[in-house]
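> Need coordinates for the below:
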Amino acid sequence: MSLVRQFLASLVLVSGTAAAWAAPLLPAPQEFYFDPDPAAVPVVVVQAEGDELVSQLLRQRERGRKSLEATVQLAGVAIAQGRTELGQQLYTEALQATAANSPSGRMVRWSHGWDLFRQGQAEAALEQWHAAASALRGNPSWIPPTYALALWELGQKEEAVKWYAAAVRTEPGQWSTSTNYPNLLPTWRDSERATLAQVQQAWAAQPPKWP
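Alright, predicted model coming up:
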């Protein structure tokens, strides 16, 4: 039996009802969001494809120096392949392996948020992103466009525009138009950038006042 099949066979998948998610109560947007956030980057431990990718990640998970990161990448691979329960279980294991408010814990939550969003679970994604942001002092630059994306997807368009306005206040030369999105948001999908462009258009039509 291959390493991949052994791994899948050994897991007891979560069954029954799906986890319940509640939309977080977001704070009001701050004026500026200049801070970098090293936890808010896609996790790539292994560059490969198919079973080879999974096999290498399993080896890293068991014996590598980046076991946590390998688990997070493996969770993303599982979800992308339609193994949602497996991905959720791996994310749960990853979060249990680190303090939720630590840089590594925040990395887990940020990555989980993106995988949830790409499964059509914008509310659950926003909860993970908010938890990741709340554990960091300062105002990370990823927050305004990411919150705006999720809120727009949830139909909370006025709130989405308010968050987008925070991005524009912070870097007006970058966010006033959607022209720079491929450079500003290189890891976003085309559909996600297209959704944010709708938020930008709504902002341009009626920019909210500050404060």
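> Quick check: next helix or strand after the worst-scoring helix or strand of the chain on mean pLDDT?
Ranked by mean pLDDT, DSSP states H and E, the weakest helix or strand in the chain is helix 3-10, scoring a mean of 54. Under the assignment DSSP states H and E, the closest C-terminal helix or strand after helix 3-10 is helix 50-63.
> mean confidence score for that following helix?
For helix 50-63, mean pLDDT is 93.
> Packing partners of that helix?
Contacts defined by 3 or more CB pairs under 8 Å, 6 or more residues apart in numbering; DSSP states H and E place helix 50-63 against helix 3-10, helix 67-80. For the C-beta atoms, the positions are set from N, CA and C on the backbone; glycine is no exception.
> quick one: contacts for A166?
Counting by CB atoms under 8 Å, 6 or more residues apart in numbering, A166 touches P29, Q30, E31, F32, Y33, I143, P144.
> Just the pLDDT at H130, thanks.
Note for H130: predicted pLDDT of 96.
> Just the pLDDT at L25, thanks.
Taking L25 on its own, its pLDDT is 85.
> tell me the contacts of it?
Contacts for L25 (CB under 8 Å, 6+ apart) come out as none.
> Now do it against G105, distance only.
Going from L25 to G105 by CB to CB, to the nearest Å gives 21 Å.
> With W163 instead?
Between W163 and G105 the distance is 24 Å, computed by CB to CB.
> show me the residues around the nearest residue to D115 once chain neighbours are set aside that make contact.
Nearest non-adjacent residue to D115, counting by CB to CB, 6 or more residues apart in numbering: I79, 4.7 Å away. By CB under 8 Å, 6+ apart, the contact set of I79 is G87, Q88, D115, R118, Q119.
> and the helix or strand where the third one lies, which residues are buried?
Under the criterion of DSSP H and E, D115 resides in helix 103-117. Buried residues in helix 103-117, defined by neighbour count with 16 or more other CB atoms under 10 Å: 104-117.
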